[in-house]
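K.L.:
A predicted structure for the sequence below; I have some questions about it.
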Amino acid sequence: MMLTALGLMSGTSLDGVDVALIETDGRQIKAFGPSGYRPYTEGERSLLRQALTEAVHLPQRDARPGILRHAEQAVTIAHAEAVASFTAQHRISCQDIDIVGFHGQTVLHRPERRLTVQIGDAGALAKTIHIPVMHDFRAADVEAGGQGAPFVPVYHRALAQSLNREGPIVVVNIGGVSNITYIDGADTLIACDTGPGNALIDDFMYRHMHQAFDTEGRFAAQGKPDETWIAQALKLPFFSARPPKSLDRNDFAALKLGAVAPADGAATLTAFTAAAIARIVPLLPKRPKCWIVCGGGASNLTMLRMLRERLAPATVQAAESVGWASDAIEAQAFGFLAARGLKGLPLSYPATTGVPIPMTGGIIARP
Ligand SMILES: Nc1ncnc2c1ncn2[C@@H]1O[C@H](COP(=O)(O)OP(=O)(O)OP(=O)(O)O)[C@@H](O)[C@H]1O
Ligand SMILES: CC(=O)N[C@H]1[C@@H]2OC[C@@H](O2)[C@@H](O)[C@@H]1O[C@H](C)C(=O)O
């Protein structure tokens, strides 16, 4: 049975809420609906940054001490507003949507402690929008000993099937953190986080240039990457570890560049993200033939150039150029995952999160 699912994603970049409608049976994509975006205000973003700092001390998944309670309310309200303006704009009634896939905002990811925390009150959201809401996608996986991330690989596979290309294909998502899905035919699905995405660049731009990000990578294009610094940073054990593996947004926040010209700093961090993605190649079964880049990093032209240099002779294409809506993919994925969760289909596998057996997941909150 086909379902109309609405996916809601608030990623590690802390930029805002992505919304996307998808028609799917959880296996195939029947049709893409419209997508939308509700940016966080400066105040909300700063609240989320504080929540990330405080979340480091969280003992368990459902604890919400201090600022985390306020941050959770803000996340829930922002998502309710995102749904209200999306449905109003596209004249969609709540009865037309079978299920909402609500990722929430990750504030802490420590799979080695069997802990991953996404804030957002699904019960309150379901009551406000009058639609059943699936949430807590990562919890069962982490409890079973999995990495709890990445979760988009099953959706990347469904997208890649529509391309009818010879593999291996890698879909790389460059959000706050970067993650890849390696697809080779119908059966081989391997995935992991590869290292930083835009988070280090964004934090650097915020500190040095008072800008949220490096638009199209224009600032990094003026600088020169410090290859010695990059080679040193790539010696961290995470990069030589085999997949599956995952990261917390702030796992590399302690890496310091030293006194560099701002443009060189931006160039070095952009090249570091590209080099960390390329570092996965020797850890994959075969050399990928083509790479498709999605997420906000696909709009960074310097990043795309650096990826092409490091991944040649494989081809590197932005997702838009193969007809995918790059910025909507993660929201679509959580709509797709909600449909899979409703049907009891696996969301994660031993080769995507390291979970012992394929696992379904997600919990439903009803209006
Ligand atoms: N025009 C642009 N030029 C350069 N970078 C951009 C542009 N637009 C967005 N970005 C980058 O993409 C980031 C947002 O990416 P995205 O929306 O994929 O993140 P996310 O949803 O938080 O991701 P994830 O959950 O995968 O970590 C921004 O913070 C910025 O660094
Ligand atoms: C714990 C968590 O929220 N991880 C995010 C983060 O952002 C990118 C990368 O790290 C990925 O592993 C994951 O998000 C995507 C949506 C995923 O689960 O596939």
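P.N.:
Everything's here; your move. Ligands and ions are numbered 1, 2, ... in the order given.

K.L.:
which strands and helices sit next to the longest helix seen in the chain?
P.N.:
Criterion DSSP state H: the longest helix present in the chain is helix 67-89. Using 3 or more Cβ pairs under 8 Å, 6 or more residues apart in numbering; DSSP states H and E, the elements in contact with helix 67-89 are strand 3-10, strand 16-24, strand 29-39, helix 42-55, strand 99-110, strand 115-119, helix 122-129. Any C-beta I mention is one placed from the backbone N, CA and C, and that applies to glycine too.

K.L.:
what's it in contact with?
P.N.:
Under the contact criterion Cβ atoms under 8 Å, 6 or more residues apart in numbering, helix 67-89 has outside partners 6, 8, 10, 16-17, 19, 34, 36-38, 40, 44, 47-48, 50-51, 54-55, 58, 64, 92-94, 97, 100, 102, 104-105, 107, 119-121, 124-125, 128-129, 131.

K.L.:
Dump the helices and strands packed on helix 67-89 into JSON lines; add mean neighbour count and mean pLDDT as well.
P.N.:
Below are these laid out as JSON lines (neighbours: other Cβ atoms under 10 Å; pLDDT from 0 to 100):
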{"stretch": "strand 3-10", "mean neighbour count": "26", "mean pLDDT": "98"}
{"stretch": "strand 16-24", "mean neighbour count": "24", "mean pLDDT": "98"}
{"stretch": "strand 29-39", "mean neighbour count": "16", "mean pLDDT": "98"}
{"stretch": "helix 42-55", "mean neighbour count": "17", "mean pLDDT": "96"}
{"stretch": "strand 99-110", "mean neighbour count": "25", "mean pLDDT": "98"}
{"stretch": "strand 115-119", "mean neighbour count": "22", "mean pLDDT": "98"}
{"stretch": "helix 122-129", "mean neighbour count": "19", "mean pLDDT": "98"}
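
K.L.:
among those, which is nearest Asp203?
P.N.:
Counting by Cβ to Cβ, Asp203 lies closest to helix 42-55 out of those; the figure is 9.6 Å.

K.L.:
between the closest one and helix 67-89, what angle do the directions make?
P.N.:
Going by axes from the mean of the first three to the mean of the last three Cα atoms, to 10 degrees, helix 42-55 is angled at 140 degrees with respect to helix 67-89.

K.L.:
Ignoring the adjacent residues along the chain, who's closest to Val142?
P.N.:
Nearest residue to Val142, sequence neighbours excluded (Cβ to Cβ, 6 or more residues apart in numbering): Gly148, at 3.8 Å.

K.L.:
got the contact list for whichever residue of the stretch 51-200 of the chain sits closest to ligand 1?
P.N.:
Per Cβ to the nearest ligand atom, Gly175 is where the stretch 51-200 of the chain lies closest to ligand 1, at 2.0 Å. Going by Cβ under 8 Å, 6+ apart, Gly175 touches 11-13, 197-198, 295-297, 330.

K.L.:
circling back to that earlier point, now the helices and strands packed on helix 67-89 in TSV, please, with extra columns for distance to Ala212.
P.N.:
Shown next, in TSV, are these (distance: least, Cβ to Cβ, whole Å):
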stretch	distance to Ala212
strand 3-10	15
strand 16-24	11
strand 29-39	10
helix 42-55	8
strand 99-110	17
strand 115-119	21
helix 122-129	26
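
K.L.:
Among those, which comes closest to Phe137?
P.N.:
Closest approach to Phe137 among those (Cβ to Cβ): strand 99-110, 6.6 Å.

K.L.:
Neighbouring strands - and their directions - for that closest one?
P.N.:
strand 3-10 (parallel), strand 115-119 (antiparallel), strand 133-135 (parallel) (DSSP bridges).

K.L.:
ranges for the strands of the stretch 201-350 of the chain?
P.N.:
Using DSSP state E, counting those that start in this stretch, the strands of the stretch 201-350 of the chain run over residues 290-294, 315-318.

K.L.:
and those, which is most packed in?
P.N.:
Ranked by mean neighbour count, the strands of the stretch 201-350 of the chain are led by strand 290-294 with a mean of 24 (mean count of other Cβ atoms under 10 Å).

K.L.:
which parts of the stretch 151-300 of the chain sit against ligand 1?
P.N.:
173, 175-177, 197-198, 202, 213-217, 295-297, 299-300 (Cβ under 6 Å from any ligand atom).

K.L.:
As TSV, the helices and strands packed on helix 67-89 with distance to ligand 2 would be great.
P.N.:
Below are the helices and strands packed on helix 67-89 laid out as TSV (distance: least, Cβ to the nearest ligand atom, whole Å):
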stretch	distance to ligand 2
strand 3-10	7
strand 16-24	10
strand 29-39	15
helix 42-55	12
strand 99-110	3
strand 115-119	5
helix 122-129	16
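
K.L.:
With Ala139 as the reference, name the closest of these.
P.N.:
Nearest of the helices and strands packed on helix 67-89 to Ala139, taken as Cβ to Cβ: strand 115-119 at 7.1 Å.

K.L.:
Give the helix, strand or coil label for the closest residue to Arg138 other than its chain neighbours.
P.N.:
In space, and not counting its chain neighbours, Arg138 is closest to Gly148: 4.1 Å by Cβ to Cβ, 6+ apart. Put simply, Gly148 is coil when judged by DSSP: H, G, I helix; E, B strand; the rest coil.
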